[in-house]
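In: Generate a structure from the sequence data that follows.
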Amino acid sequence: MSDRGPGIPPEITGRLFEAFTRGNTFGQPGVGLGLAIASQAAKLLDGSLEVESKVGDGSTFRLNLRDFPG
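Out: So this is what the prediction gives:
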């Protein structure tokens with residue numbers, strides 16, 4: 001999923017999936033658990049959650065899941 005928002009500064013992207021870490025949320029409610037929970041859920045499914053972001057250009061989040069034999 002990609003957006004054209006304000007982007008996330010590099011000093012935050014390295015910690016973004018840690019509990020209680022928040023970017024600039026423009027006064028929105030929350031405590032910084034959503035991405036930490038999503039990342040842990042991906043790991044439980046043998047996958048990963050990744051982010052690429054550029055300040056002023058937006059962010060792209062990728063959920064990578066392993067192919068399971070059918």
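
In: Tell me where the protein is predicted with low confidence.
Out: Scanning the chain for pLDDT under 70 picks out 26, 68-70.

In: Recalculate using a threshold of 50.
Out: Of all residues in the chain, none has pLDDT under 50.

In: Quick one: the helices in this structure, in order.
Out: 10-13, 34-44 (DSSP state H).

In: Of those helices, flag the one that's most buried.
Out: Here the criterion is mean neighbour count by mean count of other C-beta atoms under 10 Å, and of the helices of the chain the winner is helix 34-44, at a mean of 14. Every C-beta, even on glycine, is put in place using the N, C-alpha and C of the backbone.

In: Would you mind writing the CA trace of it as PDB?
Out: What follows is helix 34-44, C-alpha atoms only, in PDB (Å, rounded to 0.1, in the frame of the first residue of the first chain):
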ATOM      1  CA  GLY A  34      -0.800  -0.800  15.200                       C
ATOM      2  CA  LEU A  35       2.300  -1.400  13.200                       C
ATOM      3  CA  ALA A  36       4.000  -3.300  16.000                       C
ATOM      4  CA  ILE A  37       1.100  -5.700  16.100                       C
ATOM      5  CA  ALA A  38       0.900  -6.000  12.300                       C
ATOM      6  CA  SER A  39       4.600  -6.700  12.200                       C
ATOM      7  CA  GLN A  40       4.400  -9.400  14.800                       C
ATOM      8  CA  ALA A  41       1.400 -11.000  13.100                       C
ATOM      9  CA  ALA A  42       3.400 -11.100   9.800                       C
ATOM     10  CA  LYS A  43       6.300 -12.800  11.600                       C
ATOM     11  CA  LEU A  44       3.900 -15.400  13.100                       C
END
